[in-house]
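K.L.:
here's my sequence, what's the structure:
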Amino acid sequence: MMKVTNTQAGPRGLNTKDGPVLVEPGQTVDADLSDAELKVAKGTGWFEFGAAAAKAVEEKKA
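P.N.:
As a prediction, the model looks like this:
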């Protein structure tokens, strides 16, 4: 599992191992992605992953 944050103005989808997940703008989710899906998701430029995503969540809370 890793934290994934949608950095875009509109909702974006992820294909997790448990099925599709819609991530709203600015929302952070815990997602279990296959290596192939992670590569695709990173290639879109729509998301922040791991530590950067977790940091975005903490900054939002402050």
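K.L.:
make it CA atoms for all contacts and neighbour counts henceforth
P.N.:
Will do.
K.L.:
where exactly do the strands run in the protein?
P.N.:
Assigned by DSSP state E, the strands in the chain fall at 2-6, 12-16, 19-23, 28-31, 47-49.
K.L.:
can I get these in a markdown table with distance to Lys39?
P.N.:
Conversion of the strands of the chain to a markdown table gives the following (distance: least, C-alpha to C-alpha, whole Å):
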| stretch | distance to Lys39 |
| --- | --- |
| strand 2-6 | 13 |
| strand 12-16 | 12 |
| strand 19-23 | 16 |
| strand 28-31 | 14 |
| strand 47-49 | 11 |
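K.L.:
so which of those strands is nearest Val40?
P.N.:
strand 12-16 (9.5 Å; C-alpha to C-alpha).
K.L.:
my guess is Thr7 contacts Thr44, does it?
P.N.:
No. Taking contacts as C-alpha atoms under 8 Å, Thr7 lies outside contact range of Thr44: 10.9 Å.
K.L.:
so for these two, which residue has more residues nearby?
P.N.:
Neighbour totals were compared for Thr7 and Thr44, and Thr7 leads with 20 against 8 (other C-alpha atoms under 10 Å).
K.L.:
give me the mean pLDDT for stretch 17-24.
P.N.:
Stretch 17-24 carries an average pLDDT of 97.
K.L.:
turn the strands of the chain into CSV, including mean neighbour count.
P.N.:
Formatted as CSV, these follow (neighbours: other C-alpha atoms under 10 Å):
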stretch, mean neighbour count
strand 2-6, 22
strand 12-16, 17
strand 19-23, 13
strand 28-31, 19
strand 47-49, 21
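K.L.:
report pLDDT for Ala51.
P.N.:
73.
K.L.:
name whatever forms a beta bridge with the residue nearest to it when sequence neighbours are not counted.
P.N.:
Closest residue to Ala51 apart from its sequence neighbours, by C-alpha to C-alpha, 6 or more residues apart in numbering: Lys3 at 7.7 Å. Assessed by DSSP bridges, Lys3 has beta-bridge partners Asp30.
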